[in-house]
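> Next comes the sequence, and after it the predicted model I'd like to discuss.
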Amino acid sequence: MTPEVWPTRPDVYVIGITGNIATGKSTIDAMLAAKGAQVLDADAVTRDLQRKGDPVWQRIMDRFGRDVLAPDDELDRAKLGQLVFSDPAALRDLELIVHPAVRDAEKRWLAAAPPASLLAVDAIKLFESGMADSCNSVWVVTAQPEQQLERLKAQRAMADDLAWQRIMGQPPQEEKARRADIVIRNDGSLEETQRQVDAAWEKTAGAWLRARSLS
């Protein structure tokens, strides 16, 4: 993926959230939403763009065939995932179809945000897309591989071998953590995670809000 130059909004505060699969980014999203942030989940955007009949859905079907569709002709994400995560060329093709459309949707969302908004963008490709450079702070969520495995088995009903394939097929978490402003270690209790989010919020978005109130 070629990084893009993203627009910046000096009148809003943007938290970029990223991390590998099943590190619990949605938990962080919910905690930020409870603090008043508007949250955009790139995976949810992707699902919307892949609905039956949409241009992205059509291009996926043209490339991969009807075998990746469910009986109702909606995309079967589990089947598609099994296919592309065992075939690097197929994964690149899928990313070329999906990621530009997702980035366009994210840019529209950022542009439409009212002034003084607190925004949080959850995107697994935050660094690769270049979007991290337009964020005021970047939070990377990490978890132990064993915790990732248990979450994939519980939440997505994945078999062990498939879950490990997904986990090991991504770049090491440490690479993302080194580029983060904030690292949230989400493999303890919910209370421990909440304490980390509270502290990170006060250091980043909370500080921005306080500075605005004084200006």
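Thanks, I have it. Numbers count the residues shown, from 1 in each chain.
> Give me the pLDDT for Gln82.
You'll see Gln82 listed with a pLDDT of 87.
> how about it, secondary structure?
helix (DSSP: H, G, I helix; E, B strand; the rest coil).
> And the one 10 residues further on, by the same measure?
Assigned by three-state DSSP, the conformation of Arg92 is helix.
> Give the closest residue to Pro171 in space, chain neighbours not counted.
Asn20 (7.6 Å; C-beta to C-beta, 6 or more residues apart in numbering). C-betas here are computed from N, CA, C, even on glycine.
> Leu40 belongs to a strand?
Yes. The assignment for Leu40 (three-state DSSP) places it in a strand.
> and it, how many neighbours?
20 (other C-beta atoms under 10 Å).
> which residues touch the residue nearest to Pro171?
Contact analysis of Asn20 by C-beta atoms under 8 Å, 6 or more residues apart in numbering lists Ile124, Thr142, Gln148, Ile167, Gln170, Pro171, Gln173, Lys176.
> cool, Ser215 as well?
By C-beta under 8 Å, 6+ apart, Ser215 has no neighbours at all.
> returning to that earlier point: specify which member of the contacts of Asn20 is nearest to Glu192.
The nearest member of the contacts of Asn20 to Glu192, counting by C-beta to C-beta, is Thr142 at 13.0 Å.
> Please verify my assumption that the closest one contacts Gly19.
Yes. Counting by C-beta atoms under 8 Å, Gly19 is a contact partner of Thr142 at 6.1 Å.
> between the two, who's got more neighbours?
Gly19 (26 against 20).
> Spatially, which residue comes closest to that one, not counting chain neighbours?
In space, Gly19 is closest to Val141, 3.5 Å off (C-beta to C-beta, 6+ apart).
> Next up, the contacts around the one you found.
Here Val141 is in contact with Ile17, Thr18, Gly19, Thr23, Gly24, Lys25, Ile28, Val183, Ile184, Asn186 (C-beta under 8 Å, 6+ apart).
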